[in-house]
Every structure is written in C-alpha cells, then in structure tokens.
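*Asks:* test case, fold it:
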Amino acid sequence: MSSWLLERDTFLLELLRLDGRGDYVSQDSCQGCAECTLPPLYRCKDCFSTELYCQRCTVEKHCANPLHRIEHWNDGYFAHTTLKVLGLRVQLGHPSGECCYNTSTAFHDDFILLDINGVHEIALDFCACEIAQSPVSAATFHLLHHFHILSFKSKASTFEYWQTLARLTDNTGVSPPKDRYEALLRMMKQWRNITLLKRSGYGHDPAGVCAATPGACAVLCAACPQPGKNMPDDWEKAPPEVCWKYALFLAIDANFHLARKNVSSNEVDPGLSQGWSYFVEECGFKSFLNEAGTLPQEKSTCASHSAVNLADTKNARGLAATGVGTVDCTRHNLKQPCAVGDLQKGERYINMDYLLFSTLQQTHDVMVLNISYDIACQWSKNLWDRMSRYPSAIHFDLSNKTVLFILFLVPKFHLPAHIAACQITFSYNLVKGVGRTDGEAPERGWANINPVAMSTREMGPGSWRDTLDDHFGDFNWRKVTNFGISLLHKIKSAIPERDLHVRDFKDFNHTLSQERPNEVKTWKSAVEIWEEDRSQPNPFEIKSKHKPYVLPFLSQKEARDLEHGVNVSLHSDISPSILISSGIDYEDQQCRLQRDHSALSVHATDLHLAKFQERSNALQRKIAQWRKIQLLYLPSAFDALDDLRWHLRLQTHLYKFKDAQIRSVIIKNVEINVSMAADHYRRAWNALSALAPSLARNAWMIELPKLEEGDTQGMGDSAFGESSGNRTLSWIWKAQALQVEWCRSRAHASQWVEEVELLLKEMRCVGAFLAWHAAWWEEQATRRVGLDDASLEGIRGYAKRQAALRRSMRDVFLTKWSIVPTLLHPEATAAPIPSINMTH
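*Replies:* Model prediction:
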C-alpha cells in the first residue's frame with residue numbers, strides 16, 4: 001500500500017483522462033471501416049476497447065451486443081445514450097442478420113430488458129410468423145444466474161438487487177428507469193423453480209415435471225448411508241458389532257429467526273415446489289396439524305425447558321409462522337429431504353414429530369438411527385405412542401427387520417442445561433457407536449440462513465418456502481462440494497486424538513489392572529452390559545453426597561420433625577438446614593475474596609480498592625449476623641473433594657497440551673483453584689474431626705481421609721521417585737469416582753477410534769455416491785425421445801456434463817485423500833487395545 005500511495009496522483013489523473021477521449025483525442029474520422037469519414041463521437045462502456053466510432057459503425061458493431069452502454073461525446077463531455085436511440089433494432093425468432101417479413105413491434109415500442117449492467121430500453125421486434133406472446137419486460141439468463149449466486153453468498157434481497165440495477169442505470173435520479181421490481185420478483189421465483197427441476201433431472205424424464213415426487217429435488221448427503229447409492233451390496237448382512245457404521249444421524253431443531261408475517265395467502269402466492277425439496281408438502285402438513293392439533297403438550301420433568309413448557313404460548317401476533325423446524329444430517333449438517341416445516345407457535349411436539357416422520361419416509365432400510373434433539377429427554381418419552389395416533393401415511397415402520405437400534409441423544413452444548421440424570425443418559429460422550437459427533441449441526445447451519453430472515457419475513461407463503469428451499473439446497477450443495485477438504489481436515493485432527501486417548505487409556509487401565517484387577521473386570525462388564533441394554537444400571541452415575549442433595553434431605557427431615565411436634569430450631573425464620581447452607585456459602589465467599597485480594601496489583605486504582613472494601617464489609621456484616629443465630633455447622637467435604645478432582649483433571653489436560661499455545665496465566669489460575677479446593681477440603685475435614693467425638697461418629701474417615709500434600713496429584717501423575725511402572729494412584733481417585741473416570745476414559749478412547757472409522761467410511765461413501773451419481777446422469781442422457789435434434793442435443797449435453805462433473809469431483813477428492821493411509825500409521829494400531837473393541 002505504501003508504494004501505491006506514491007503513485008496515487010497518477011491513478012487519479014488516469015481516471016480523469018478516461019473521462020475524455022483518451023488516446024483518441026486527436027482522431028478526426030471514424031476507423032470502423034475503410035470508407036467511413038464521419039466524426040467518431042460514440043464509445044462503448046462495456047467493450048474492451050475505448051475507441052470512438054461514428055453512429056453507423058457503433059450500431060453495426062453492436063448488433064450482437066444490444067445491451068452495451070453507449071456514451072456520446074457532445075459539447076466537450078460524454079453523455080449517456082442508448083443503442084435504441086442510435087437506431088439499433090433487435091429481431092427475435094430469426095438468426096442474427098436475417099430479415100423477418102412479418103414483424104410485430106413490442107407494445108408502444110417500449111421494451112425493458114434487465115441485465116447485470118443495468119436496465120435497458122431496447123427496440124424489439126417479435127416474429128409474427130408463428131403465434132407468440134408479446135411481453136413488455138424480460139431479464140437475461142445472465143442476470144438471473146448472477147443474482148441467484150449473489151443471493152446465496154451475500155443474502156441480498158431482490159429489492160436490493162433491483163435498486164443496484166437502477167443506480168447502475170441512473171445514479172442521479174434525473175432519468176430513473178421504469179420500475180420492473182415486481183416483474184423481477186416473478187422472474188426470480190420462476191428461475192429458482194426451473195433451475196431446481198433442471199438440476200434434479202426432470203427435464204430428462206419423459207414424464208417431465210409431473211414425475212416430481214416429495215423430496216426428489218433435494219441435494220442428498222453423499223457421506224450419509226444411502227442404500228443403493230453408496231453402500232456395499234451386503235451391508236444388510238453386517239454383524240451387530242459393526243452395524244453402527246451404517247447408522248443414520250439426524251438432528252432436530254427449530255429456528256425462530258425465520259419467522260413470516262401474516263401477509264398474502266397460498267391462493268395468491270402459491271409455492272411452485274410442492275414438497276419436492278426440503279419443505280414438506282403444505283396441504284398435507286396443514287391438514288395433519290388441524291387434525292392432531294388438539295393433542296396436549298406434555299410438560300417437562302427435566303429442567304424447565306421453554307421449548308417444552310412454552311410451546312403453546314409463544315407470541316405469534318401478526319405472524320403466520322413464528323419460525324421453522326428442521327431435521328438435519330447430524331454429522332455433515334445437510335438439510336434432509338421433506339424435513340422443514342413452519343411453526344405456528346413454539347416447538348410443539350406435533351410439528352417436530354411430523355417433520356421427523358416425514359423425512360423418515362424418504363429413508364429406507366435404516367439399520368441404526370441416532371436422533372439428536374435438545375429436548376430429547378422429554379420429546380422421546382411418548383414418541384411412538386403419539387405416532388400411533390397420527391395418520392398411517394407418516395408412520396415409521398418399527399417392525400422393519402433391518403431396524404436394529406434407535407438412540408435418542410441431547411447435543412453436547414445443550415446437555416449441561418439438563419438435570420444430572422439426563423446428562424448421563426443422553427450424552428454423546430458416553431455411548432458407543434457415535435464417534436465424536438456433537439449433535440450441534442443445526443446450530444452451525446443457522447448462521448448461514450439467518451441473514452435472509454429480514455428479506456423473507458415480508459414474503460407470501462409460497463415465495464417464502466421456495467426461497468428458503470433454494471437457500472437450503474445451495475447450502476447442501478456447497479457441503480457436498482467441500483467434502484474433499486472437510487473430511488480430510490477432520491481425519492487429520494482425529495488420528496492424533498485417537499492415538500493420544502488410546503495411549504492414555506492403556507496407561508490408566510494398566511495401572512488400575514495391577515492395583516485392583518477384579519474391580520476393573522467388574523467395571524468393564526458393567527459398562528458393556530449397559531451399552532447393550534441401557535435399561536441396566538448406568539456405570540457413569542455417581543451416587544452423590546453433595547450439598548445440593550444433602551440440603552433437601554435435611555429440609556425434608558425438618559418437615560417430618562415438625563409434623564411430629566419436634567422443633568430443634570432456635571430461630572423463628574432460619575432453620576438448621578438454611579443456616580448450614582448459608583454458612584457454607586459465606587465460607588466460599590471468604591475464599592473467593594481472599595483469592596481476589598491476592599490478585600490485586602500493588603498499583604490497584606482507588607476504585608478497585610473501594611469496590612473490594614465494599615465486598616469485604618458486606619460479607620463481614622453477613623457473617624456477624626449469621627454467628628448470632630448459629631446452631632450447628634456441617635462441612636462440605638464431598639463438594640470440596642469433587643472440586644479438587646475436577647481441577648486436577650483440568651490441570652493435567654493443560655499440562656499435556658501446554659505446547660498447543662495454552663497461556664501460562666490460564667495454567668496458573670487452575671493451580672490456584674486446585675490449591676483452594678484442597679484448602680476447602682482440609683477445613684471441612686478439620687471441622688468434621690472436631691464434631692466427630694461429640695457425635696460419636698467416626699466412620700466418615702473411611703470415605704474422607706486426611707489430605708496430605710502428596711495426595712493432590714492428577715490421575716496420571718507420579719510422585720517423586722515413581723516411574724510409570726510402579727506409579728500408584730492418590731486415594732482421592734480410589735472412591736466411586738474412580739470407576740466413573742475409568743468408564744469415561746474408556747468411552748473417550750473408544751469414541752476416537754470410532755471417529756476415525758466413521759470418517760474412513762464416509763470417505764468411501766462419498767466416492768461411491770459420486771460414482772453412482774455420474775452413472776445416473778449418463779442414463780438420463782438417452783431417456784427423452786421424440787424431440788427435435790437441438791433439444792435432444794441439449795438434453796444429452798447437460799447430462800454428460802453433470803456426469804463429468806461428478807467424476808471430476810470424485811477424482812479430486814480421492815487425490816486429496818491419498819495421504820490418509822500415511823496418516824493412519826497402521827503399524828502403530830495393529831495390536832489390540834485392552835477394553836476397546838477394535839472391530840468397531
């Protein structure tokens with residue numbers, strides 16, 4: 001940029017020079033032809049050359065380019081003019097240069113043609129040799145294709161594009177072009193529809209558009225199992241231990257940004273795509289909702305999910321649709337066929353049920369089905385009972401012999417909002433056969449489609465569905481074309497993660513197997529039983545003795561005592577359980593205050609010091625009041641021990657990946673938290689030691705030993721002088737948490753092994769799908785007969801080009817993936833790994 005600044009004046013002068021005649025300032029006569037002696041007064045803004053010609057030569061040179069913009073040198077400057085003014089007429093229905101003896105001039109000789117360089121008035125003659133319509137405006141295919149792609153990338157609306165064309169034509173408002181915005185809207189709607197049908201092969205079907213069926217125009221996920229397209233011939237005979245590779249991953253979600261106002265109607269603005277792509281067929285969907293809409297919505301027994309409890313109360317004033325519900329491919333983030341529908345209120349079960357069952361009608365011979373939904377714990381409870389009350393046309397055949405397993409899960413980011421029982425029952429991190437799938441695919445997809453929300457909000461129902469369908473289709477297509485890069489990136493990341501987690505689990509398992517072999521066998525048996533039958537006891541569950549569980553117990557005991565006339569409280573407002581809870585909270589606040597005081601800089605500002613003093617004074621007042629009514633104290637040792645374990649796990653992880661640009665300040669903060677958790681435990685232990693003699697209860701020391709300095713080490717850390725062979729675990733890991741940690745470590749290692757296997761399978765699927773699709777297009781080339789030669793040639797040419805594109809994509813992908821065998825390092829994974837089923 002600095003070098004350009006030195007030449008900035010030169011560039012500025014060149015721009016100004018081109019506002020004159022430039023290199024042709026001294027040219028006296030037109031050079032358009034040898035005989036021409038007229039003055040050169042006209043130049044074209046769209047031709048590559050800036051040479052000037054006379055009026056006659058300008059017209060002759062633009063017979064094949066009637067949409068170029070012409071400038072007229074007059075009175076010392078260039079003024080805008082048109083080829084129509086110069087005398088150029090455009091004849092339709094005949095080859096260029098051929099005269100028509102039966103012309104029909106456009107209405108009032110006022111025809112408007114839209115192109116990417118502006119709005120053009122042209123002198124147009126129709127051919128009346130045959131019966132033809134005589135429109136008053138049109139748009140070039142060039143413009144329609146240009147805006148089509150632009151709308152996908154920039155999310156520009158048709159109105160914004162029209163305004164751009166108008167300003168390209170006249171940027172002053174002196175001579176604004178005639179308004180053709182409504183015409184452009186209609187033409188774009190028609191263009192979206194015919195290009196959809198063309199790319200789906202219905203121009204090659206002898207039955208034409210009438211052959212279109214629900215979901216048939218959707219861009220399919222090439223990496224997902226598509227029987228008959230990308231799967232082995234004998235896949236249905238796969239043994240149960242490997243059938244997880246052929247699982248279909250689906251994710252359900254709703255988006256309330258894509259709302260639509262209550263304008264127009266299906267009669268005034270019908271959709272041109274009748275359930276052929278991603279939106280379900282409108283009439284069938286609305287009929288279903290009218291029939292099943294009276295079914296009550298079950299309330300949530302998990303956390304207070306608004307999606308469940310407020311599904312019927314969302315404000316829909318002025319809206320025909322409050323948003324959309326969708327079903328996506330979980331692993332690759334593609335919209336499923338017949339899987340999008342509008343919402344009338346909130347995320348009602350009947351809407352989401354219909355979308356799931358609708359897209360499952362497009363899926364045949366599913367062996368394993370993994371369904372992700374952020375409220376799956378509630379929604380899945382009575383799903384099959386609800387289905388039995390729905391029309392049989394959308395029923396999913398559970399009696400199908402190929403359906404072996406259906407699993408319901410909650411996306412990883414949404415899971416922490418659920419109660420503890422749901423977090424271990426519906427977790428992607430704990431089940432086998434899902435690899436490292438996170439279930440959050442729809443959330444990532446909304447970032448692409450949300451920018452169109454404002455431009456589609458005012459649309460009629462048909463245009464709204466068709467436009468969103470079109471954007472979903474483009475998003476799916478871009479995902480397919482990017483598989484070569486995305487899958488390679490994923491497997492490059494997955495292979496080292498697999499090796500790391502497998503190695504860590506081997507070390508962990510080896511240490512535990514030496515110390516407690518019988519327990520490890522029991523854990524292994526328990527987790528394998530649960531993986532096969534999830535109604536069995538969950539080995540990942542911890543029977544917690546934390547404060548959140550103790551305090552409700554104490555409160556319930558107080559209530560029972562009061563019912564029997566026993567009141568041990570010495571204060572009218574504060575019971576023992578409330579005092580215990582608040583005392584523990586105050587103690588935690590003291591620790592946080594002490595940590596913040598240590599973190600204060602010696603150059604802290606007066607404002608920081610004043611705020612800190614205010615916090616300290618407020619806490620002192622609370623403690624003083626608490627001490628006046630203190631009745632007893634119960635230390636929270638179990639909480640402190642769990643905090644210590646958690647921070648030690650995080651510390652070990654950060655130490656391991658310190659080279660991966662983990663900042664030392666983050667590690668330092670974690671070390672401080674480890675120290676605070678250890679101090680918290682010691683305070684609680686000392687309190688219990690002081691209370692135990694009075695209560696004559698000492699059994700607690702078995703579960704809660706004294707914490708020494710050497711005990712605060714991570715699960716994989718060694719004490720001074722210990723090698724990896726004789727390393728022993730600290731007692732803090734030898735409680736029930738050790739079983740859960742072993743199960744989690746096993747699950748993580750197994751899932752990374754599965755992830756690599758899934759990615760390899762998906763690469764094979766993509767290659768096979770593209771090969772199948774190329775062969776399919778080759779077959780389409782010869783399906784139509786009885787047409788003229790030109791039409792047949794175009795049909796064959798398009799089909800062959802599509803087939804060649806699929807083969808090229810496949811070749812490029814396979815070339816990119818050729819390094820995968822080198823990345824895999826087969827020699828390092830040849831030996832079986834304990835407790836991991838390598839047949840996965």
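
*Asks:* CA only for contacts and neighbour counts going forward, please
*Replies:* Will do.

*Asks:* what distance separates the start and the end of stretch 413-423?
*Replies:* Across stretch 413-423, the terminal residues are separated by 11 Å (C-alpha to C-alpha, to the nearest Å).

*Asks:* who touches it?
*Replies:* Here stretch 413-423 makes contact (C-alpha atoms under 8 Å, 6 or more residues apart in numbering) with 302-303, 374, 377, 426-427, 438, 440, 541.

*Asks:* again, only using 10 Å
*Replies:* 301-305, 373-378, 409-410, 412, 424, 426-430, 438-440, 538, 540-542 (C-alpha atoms under 10 Å, 6 or more residues apart in numbering).

*Asks:* so which of these are in helices?
*Replies:* 376-378, 424 (DSSP state H).

*Asks:* can you pick out the most distant pair from those residues?
*Replies:* 378 and 424 (14.7 Å; C-alpha to C-alpha).

*Asks:* so where's the stretch 701-840 of the chain shaky on pLDDT?
*Replies:* Where the stretch 701-840 of the chain drops to pLDDT under 70, the residues are 701-703, 714-729, 731-737, 826-840.

*Asks:* tell me the SS of residue 316?
*Replies:* coil (DSSP: H, G, I helix; E, B strand; the rest coil).

*Asks:* OK, contacts around it?
*Replies:* Residue 316 is in contact with 259, 261-262, 322-323, 343-346, counting by C-alpha under 10 Å, 6+ apart.

*Asks:* repeat for residue 358
*Replies:* Counting by C-alpha under 10 Å, 6+ apart, residue 358 makes contact with 214-215, 280-281, 285, 327, 336-340, 352, 393-396.

*Asks:* which helix or which strand is home to it?
*Replies:* helix 349-360 (DSSP states H and E).

*Asks:* give me the distance from that helix to the chain's centre.
*Replies:* With C-alpha atoms, centre = their mean, to the nearest Å as the basis, helix 349-360 stands 19 Å off its chain's centre.

*Asks:* any idea how far residue 391 lies from residue 201?
*Replies:* Taken as C-alpha to C-alpha, the span from residue 391 to residue 201 is 31 Å.

*Asks:* which of these two has more neighbours?
*Replies:* Neighbour count, other C-alpha atoms under 10 Å: between residue 391 and residue 201, residue 201 has more, with 22 against 11.

*Asks:* quick check, that one in a strand?
*Replies:* No. Applying three-state DSSP, one finds residue 201 to be coil, outside a strand.

*Asks:* quick check: phi and psi at it.
*Replies:* The phi/psi pair for residue 201 (degrees, to the nearest 10) reads phi 90, psi 10.

*Asks:* residue 107 now?
*Replies:* Dihedral angles (degrees, to the nearest 10) for residue 107: phi -50, psi 120.

*Asks:* remind me what the helix or strand residue 447 falls within packs against, helices and strands.
*Replies:* Element membership for residue 447, per DSSP H and E: helix 441-449. When contacts are defined as 3 or more C-alpha pairs under 10 Å, 6 or more residues apart in numbering; DSSP states H and E, helix 441-449 sits against helix 141-154, strand 247-255, strand 323-329, strand 335-343, helix 461-481.

*Asks:* switch these over to CSV; also include mean pLDDT, distance to residue 357 and mean neighbour count.
*Replies:* As requested, the helices and strands packed on helix 441-449 are exported to CSV (pLDDT from 0 to 100; distance: least, C-alpha to C-alpha, whole Å; neighbours: other C-alpha atoms under 10 Å):
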stretch, mean pLDDT, distance to residue 357, mean neighbour count
helix 141-154, 96, 29, 15
strand 247-255, 95, 12, 23
strand 323-329, 95, 10, 25
strand 335-343, 95, 9, 29
helix 461-481, 96, 19, 21
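
*Asks:* out of these, flag the one nearest residue 454.
*Replies:* helix 461-481 (11.3 Å).

*Asks:* what's whatever helix or strand comes next after that closest one packed up against?
*Replies:* Where DSSP H and E defines the elements, the next helix or strand beyond helix 461-481 is helix 483-515. On a contact count with 3+ C-alpha pairs under 10 Å, 6+ apart, helix 483-515 meets helix 461-481, helix 517-532, helix 736-780, helix 789-816, helix 820-824.

*Asks:* turn these into a markdown table, including distance to residue 56.
*Replies:* Converted to a markdown table, those look like this (distance: least, C-alpha to C-alpha, whole Å):
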| stretch | distance to residue 56 |
| --- | --- |
| helix 461-481 | 45 |
| helix 517-532 | 84 |
| helix 736-780 | 48 |
| helix 789-816 | 35 |
| helix 820-824 | 65 |
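
*Asks:* helices of the stretch 501-650 of the chain, residue ranges please.
*Replies:* 517-532, 547-563, 576-599, 606-628, 637-656 (DSSP state H, counting those that start in this stretch).

*Asks:* weakest of those in terms of mean pLDDT?
*Replies:* Mean pLDDT per stretch puts helix 547-563 lowest among those, at a mean of 55.

*Asks:* shaky segments in the stretch 401-550 of the chain?
*Replies:* 401-403, 542-550.

*Asks:* excluding chain neighbours, what is closest to the residue sitting nearest the centre point of the chain?
*Replies:* A centroid search over the chain (C-alpha atoms, centre = their mean) returns residue 444, at 2.4 Å, as the residue closest to the centre. Spatially, and ignoring its direct neighbours in sequence, residue 444 is nearest to residue 333 (7.7 Å; C-alpha to C-alpha, 6 or more residues apart in numbering).

*Asks:* wait, doesn't the one you found sit right on residue 443?
*Replies:* Yes. Residue 333 is within contact range of residue 443, at 9.1 Å (criterion: C-alpha atoms under 10 Å).

*Asks:* give me the common contacts of these two.
*Replies:* residue 251.

*Asks:* who has more neighbours, those two?
*Replies:* residue 333 (22 against 14).

*Asks:* where does that one land in three-state SS?
*Replies:* coil.

*Asks:* in the helix holding residue 447, what's buried?
*Replies:* Neighbour counts using 16 or more other C-alpha atoms under 10 Å place 441-442, 445, 449 of helix 441-449 among the buried residues.

*Asks:* which strands and helices sit next to the helix or strand just after that helix?
*Replies:* Next helix or strand after helix 441-449 toward the C-terminus (DSSP H and E): helix 453-456. If you count contacts as 3+ C-alpha pairs under 10 Å, 6+ apart, helix 453-456 packs onto helix 158-169, strand 260-261, helix 461-481.

*Asks:* residues in contact with the second one?
*Replies:* Read that as strand 260-261. Residues contacting strand 260-261 (C-alpha under 10 Å, 6+ apart): 316-324, 342-343, 453-461, 464.

*Asks:* can you list the strands that it pairs with?
*Replies:* strand 319-321 (antiparallel) (DSSP bridges).

*Asks:* list of residues touching the strand it pairs with?
*Replies:* 256, 258-265, 341-346, 457-458, 460-461.
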